[in-house]
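Participant: Turn this into a model:
(chains A, B, C and D, ligands or ions: 4)
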Amino acid sequence: MAKITYREALRQALREEMQRDPSVFLLGEDIAQFGGAYKVTQGLYDEFGPERVKDTPISEEAIVGAGIGAAMVGLRPVAEIMTINFILVAIDQIINNAAKISYMFGGQVCVPVVIRTPQGAGHQLGAQHSQNFDVYFAYVPGLKVVCPATPADAKGMLKTAIRDNNPVLFIENLALYNTVGEVPEEEYLVPFGKARIAREGRDITIVAHSRMVLTAMEAADKLAKEGIEAEVVDLRTLRPLDIQTPAESVRKTTRAIVVGEDWRSYGVSAEIAATLQEEAFDYLDAPIARVNTAGIPMPYSKPLESAALPHADKIVATAKAMLPRRFRK
Amino acid sequence: MAKITYREALRQALREEMQRDPSVFLLGEDIAQFGGAYKVTQGLYDEFGPERVKDTPISEEAIVGAGIGAAMVGLRPVAEIMTINFILVAIDQIINNAAKISYMFGGQVCVPVVIRTPQGAGHQLGAQHSQNFDVYFAYVPGLKVVCPATPADAKGMLKTAIRDNNPVLFIENLALYNTVGEVPEEEYLVPFGKARIAREGRDITIVAHSRMVLTAMEAADKLAKEGIEAEVVDLRTLRPLDIQTPAESVRKTTRAIVVGEDWRSYGVSAEIAATLQEEAFDYLDAPIARVNTAGIPMPYSKPLESAALPHADKIVATAKAMLPRRFRK
Amino acid sequence: MVMKPAEPRRAPELSAESAVGGSAQSPPGAGFLTPDRQAQLLHWYEQMVLIRQFEEAAAEMYTRAKIGGYLHLNIGEEATVVGSMGALAPQDYVFSNYREHGHAIVRGVSPRAVMAELFGKATGTSKGRGGSMHIFDVEKRFLGGYGIVGGALPLAVGAGFAMTYQSSDAIVMSVFGDGSTNIGAFHESLNMAELWKTPVVFLCVNNLYAMGKSVAEETPVTEIWRKACAYDMAAERVDGMDLLAVYEATTRAADRARQDRRPTLLEAVTYRYRGHSMADAGTYRTAEEVEHWRRRDPIVTFRGKLISVGLIDEAGVDEIDKRVEEIVTDAVEFADQSPFPDLSTLYDFIYCESAEEREVTGG
Amino acid sequence: MVMKPAEPRRAPELSAESAVGGSAQSPPGAGFLTPDRQAQLLHWYEQMVLIRQFEEAAAEMYTRAKIGGYLHLNIGEEATVVGSMGALAPQDYVFSNYREHGHAIVRGVSPRAVMAELFGKATGTSKGRGGSMHIFDVEKRFLGGYGIVGGALPLAVGAGFAMTYQSSDAIVMSVFGDGSTNIGAFHESLNMAELWKTPVVFLCVNNLYAMGKSVAEETPVTEIWRKACAYDMAAERVDGMDLLAVYEATTRAADRARQDRRPTLLEAVTYRYRGHSMADAGTYRTAEEVEHWRRRDPIVTFRGKLISVGLIDEAGVDEIDKRVEEIVTDAVEFADQSPFPDLSTLYDFIYCESAEEREVTGG
Ligand SMILES: Cc1ncc(C[n+]2csc(CCOP(=O)(O)OP(=O)(O)O)c2C)c(N)n1
Ligand SMILES: Cc1ncc(C[n+]2csc(CCOP(=O)(O)OP(=O)(O)O)c2C)c(N)n1
Ligand SMILES: [Mg+2]
Ligand SMILES: [Mg+2]
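Facilitator: Numbers count the residues shown, from 1 in each chain, chains lettered A, B, ... in the order given. Ligands and ions are numbered 1, 2, ... in the order given. Predicted structure coming up:
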């Protein structure tokens, strides 16, 4: 296995799928010679040329809409939205067109478009550039929503997304691009709808997705030092959602924390908590807790931003408060 | 008390506030001579003239944005978005501007804009015109989100919304416009953040908002005929959310169903269920259940649409399945 | 010394008349009405009659509650519908808005399937899922009616891009209304279409109203074709009540797309006789105005021309009327007798099957 | 007989040169450089120097990690910034994008407060919540820097509407870049602004690039002022490296807004010497191109003019440089020494207090 960055894993996936299938093309702002604002598409323009790596004006609605239209007539577009903060001007296309075209027209046509975009905070980009909107897409029947946490998943899930015949929101995370992980040398795909046990443990379950998986792992390390064995579940895909893997875990540990980088109220972790309490009600020894970003527009100032984000320590503190007395030193 | 429609209640609120405060004005598509697509603003153009009842082009983003800009310099705009399905093209303005301007600029300016829009389904309007997006706004710190279920609340809450110094999403419902209810003759305001016990009961709690309050009441009537006394809680506002009123109810009844006209997964009811299980964990005798619209783009065909919607019977069946054996006849 | 201010520059002012394609000396289509084209011309005439009768039947079925939801009719716009669709080739794609029954039928979608869709039946074009606003027929390359104003324009740009990408000789037509030209998606789409040189014909059906608002209440530039200046896009305005004028202008635009790989903004000025949808009584328009346009009725006008050059006679007209009546009656009967979708199919079609996904999940 | 196709019509082609305000015979501002205006002219010069030095200091503080996030600089654009802001009245409102430090400072916002905002300090204009992209000063009627491309244009239209509603003589300026003219909000805003006759000056700072893309890679109409044709809006293109030309063109546009209640699309052609933001090395531009523009440096050019007409001498120039240096050093020191916001204030400012709400809740 090679150790590569999350960014490189994405790039490999794009490259391999473009080599494999000539109907795959990329479109987005500054993705060609510029290589993408976060350099994910670097080098692909040189290899595949201007028709397959297509720069666009700053017109997110048209970018996504053109992707949908091209998908309807046989192409497999991968649209990059520079960051998820700019997806709001294009969300109508995603929800009213991409998600509905198959159903509303009686299954006559598929929309195999992938929309790649990073979310997340932590770089002092301020309120308009530090958001998480995965929940907006997870809410919508007709979409698939995936949030890989590791380079291996990033690559395998992006390849699956491109081959999927449905619109896929492929949600990356700004803070993950430089993270490194092992990626198989040989070709592989990671299926949608299968959560992953990132770490086994018996005392408490921590459910997370995307960057928060890393934070959960950090928290689990810290808890382990105090003799608490946390099981970390990486959801991987929000729609389809594999609730059985975390539910199984909770039935074993009897306690769960759902961690999200998004806002707590009405966010992804609300759905996970609400469903887990249904699936594991009789096993629960404590209410399912949530740890999230503070419910505020993200402030620019470093200390404020840092205080607003969900850190491992908050998970640790929450876990310890939930566990029986014997765990509390 | 006068018996008037929900539509008339809204109209009275707009009229009274326009009479009271010259800085209040309305803008939206076809709201002037045409009286609004759902006739809520009928007659106001004649009374207040073209500057205060301002027709706009089909430019939702500019409608909302102009409302925000006007609010920043001292007006109190009430923007009508014809239905919530068209708000997606304007959602960037609401989330990236309206919700953030106070915080991101250190509290220097307020954004007293009201955005009125109806959501809901049941009129065979098909997938693109039968949606519920209240959760998208409830998710966002900086917004207030209110969903009146009765004519009295429609009037009192719209007046509160117009006087509020913050952006308010005022979410109506297509199927409520013709409903009738008692409305006080004298001036009154309904505060935000106070849920309402719509019906008292001891056996099970049904939590709802907007049109689903009526469906919940219908279900409660049916349950009562079978000797089951359901307590119905009308949330009224989603942000700020009064969770204590439903939590208190659940602590009493030990069982709860959250009903939403939206999709179940990642919808409003997920947040309510997730928070209720935290607030009433030790009292719960069953997992908190949810009853929602089927997770599909809404089909046009009448029987399909009808099957997809949450009816009283579904609530009744869910309640009976949750209650102890002695309640099941 | 005071500087001489540079005068703001404007696009040249053109009267509506001067902009309408062709001129008084050479009325559009004058040389087109020849015996060798009889079959074609009568077919077009019949299609206009079909739209008219189909829409009238739909309106009636709506009042009889056989049809629900919104219902937007093409009545009055028949020349624009038939003239534009008539200029396309079978391999071309069409994206439309919610006022699209006529476009679908002229594209070759069966009136039975369209009517059944309005009835919400399993035999409808969209298996009852779509309704009036969402007719779709992949075979006829009619890629749908859409309900969000402006929302389908970007799709057409993407499909146009794909035609070039695939080295196809098909082009794409995007149909939308005057009111839709004021929404952001219009701007982004036209800019991108011209920048990328996509083979798209943007057909603006300017029926002078967007719901209750006249075009002048919507935009300072009421001659929609002129908005193309902001993209250096080819543009033309045509009398949308004149089938041949529309046909010829669309042919020019289609050629430009197919041969030159360039988009066109084509404006057809027409009128909807009815309200915006069934609920709208249309009180914002004067009776005189409606009457004025009815006097220019596209069917009557075209029939007159055909008769005057001897391509049809009264008997022929009656025959067509009768044939159309049968088609429409049959469509209504078919729709009425068709079954509603089975409730067990409620969850069908949300997702397309993905071969690869099956493969990787082993499912 | 084949019909003669109506030629598609286009807006007239105008060369960039012909469009730039004024002409070679009468260079903008030639008659403006008179002794009675010395104070004004020197003040403008000083403001340009202040922007340059402020931005250079900011860049340095960014590399020293005193400033985080994105940092977009006005270096190279000083004439456009000072010339446009200089033509406004104190009661006027300004909405800008994220490249706005200069606009804020020229509007009168204290350099200390701007620098402190970049440092994320409690003493910053936005109390550290905003950062570089979100400078705001309600006193100076500088209504903010915004980060979503095109997102602030509708706000300006609404504020402009409010000015008329309130019978105010204030006008509104909206500042944005060339790349922003391809997004939907631009279209909706200009259409609505002209339709409603709002007193708004739309200032497009055309620095020829939107991140890594040249304006020609973004739109077929690279002369942004020409896009006004789609709204019948007054428009003008001006040399954005020439302070007086910008001042005069803005004055014309401001007068049109204030007196005639009409918006203008004003394009100032300029150049950013640096990359889009600090992370961008700007490799998509040739060294020659950057050099070409640097030779037209707005500060050097204006200084040369002032010297040539004897309004300033070398000593005066040095004095200004020194004074500005002190201001900038002071701003940096102030920012550095200011406290970060207290963590206890994390949840402040999410909502404005509502008197009425307090009243009704009795709270
Ligand atoms: C984004 C959006 N806003 C509003 C509506 C409601 N609406 C439906 S049709 C229509 C008028 C459209 O007018 P036009 O484009 O001229 O088409 P016409 O109906 O006249 O054929 C409006 C406002 C919508 N469907 N989508
Ligand atoms: C809707 C949206 N899309 C993309 C971006 C990312 N972005 C920030 S600035 C920028 C370029 C803007 O160029 P221009 O308008 O010319 O202004 P300039 O930076 O040159 O001053 C882009 C693409 C954004 N902020 N908002
Ligand atoms: Mg119209
Ligand atoms: Mg630029």
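Participant: pLDDT below threshold where in chain C?
Facilitator: Along chain C, the model assigns pLDDT under 70 to residues C:1-30, C:355-363.
Participant: hey, where'd the strands end up in it?
Facilitator: Secondary structure of chain C (DSSP state E): strands located at C:93-97, C:142-146, C:172-177, C:200-206, C:209-210, C:213-214, C:234-239, C:264-269.
Participant: hmm, who's touching the helix or strand hosting A:Ser269?
Facilitator: Element membership of A:Ser269 [criterion: DSSP states H and E] is helix A:268-279. Here helix A:268-279 makes contact (Cβ atoms under 8 Å, 6 or more residues apart in numbering or on different chains) with A:134-135, A:138, A:207, A:209, A:235, A:238, A:241, A:243-244, A:246-247, A:250, A:256, A:258-260, A:262, A:264, A:284, A:287-288, A:290-292, B:265-267, B:269-271, B:273-275, B:277, B:287-290. The C-beta positions use only the backbone N, C-alpha and C, and glycine is treated the same way.
Participant: Describe which strands the longest strand anywhere in chain A pairs with in its sheet and in which direction.
Facilitator: Using DSSP E, we find that the single longest strand of chain A is strand A:256-263. Counting by DSSP bridges, the strands paired with strand A:256-263 are strand A:204-208 (parallel), strand A:289-293 (parallel).
Participant: Tell me which residues are up against the first one.
Facilitator: Under the contact criterion Cβ under 8 Å, 6+ apart, strand A:204-208 has outside partners A:149, A:215-216, A:219-220, A:223, A:228, A:230-235, A:246, A:249-250, A:252-253, A:255-260, A:269, A:272, A:276, A:315, A:319, A:322-323.
Participant: Looking at those, which are in helices?
Facilitator: A:215-216, A:219-220, A:223, A:246, A:249-250, A:252-253, A:269, A:272, A:276, A:315, A:319, A:322 (DSSP state H).
Participant: sorry, back to before: could you pull up the mean pLDDT of the helix holding A:Ser269?
Facilitator: What helix A:268-279 shows for mean pLDDT is 98.
Participant: any idea of the angle it forms with strand B:289-293?
Facilitator: 120 degrees (axes from the mean of the first three to the mean of the last three Cα atoms, to 10 degrees).
Participant: picking up where we left off before, out of the strands paired with strand A:256-263, indicate the one that is most buried.
Facilitator: Per residue and on average, the most neighbours among the strands paired with strand A:256-263 fall to strand A:204-208, with a mean of 31 (mean count of other Cβ atoms under 10 Å in any protein chain shown).
Participant: Write the PyMOL selection for whichever of the contacts of helix A:268-279 are buried.
Facilitator: Only the buried entries of the contacts of helix A:268-279 go into this PyMOL selection, using 16 or more other Cβ atoms under 10 Å in any protein chain shown:
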select buried, (chain A and resi 134+135+138+207+209+235+238+241+243+246+247+250+256+258+259+260+262+264+284+287+288+290+291+292) or (chain B and resi 265+266+267+269+270+271+273+274+275+277+287+288+289+290)
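Participant: so which of the contacts of helix A:268-279 also contact ligand 2?
Facilitator: Among the contacts of helix A:268-279, no residue lies close to ligand 2 (Cβ under 6 Å from any ligand atom).
Participant: before we move on, the earlier item: so which of the ones in helices among the contacts of strand A:204-208 is the most crowded?
Facilitator: Taking other Cβ atoms under 10 Å in any protein chain shown as the neighbour criterion, A:Ser269 ranks highest of these with 32 neighbours.
Participant: Next, count neighbours for the closest residue to ligand 2 within the stretch 1-150 of chain C.
Facilitator: Going by Cβ to the nearest ligand atom, ligand 2 is nearest to C:Gly150 of the stretch 1-150 of chain C, at 17.2 Å. Neighbour count for C:Gly150, taken as other Cβ under 10 Å: 29.
Participant: Touching, it and C:Gly177? I think so.
Facilitator: No: taking contacts as Cβ atoms under 8 Å, C:Gly150 lies outside contact range of C:Gly177: 9.4 Å.
Participant: residue contacts, A:Tyr177?
Facilitator: Counting by Cβ under 8 Å, 6+ apart, A:Tyr177 touches A:5-7, A:38-40, A:118.
Participant: What's the per-residue pLDDT of it here?
Facilitator: At A:Tyr177, pLDDT is 98.
Participant: Torsion angles phi and psi at it?
Facilitator: Phi and psi for A:Tyr177, reported as degrees, to the nearest 10, are phi -50, psi -40.
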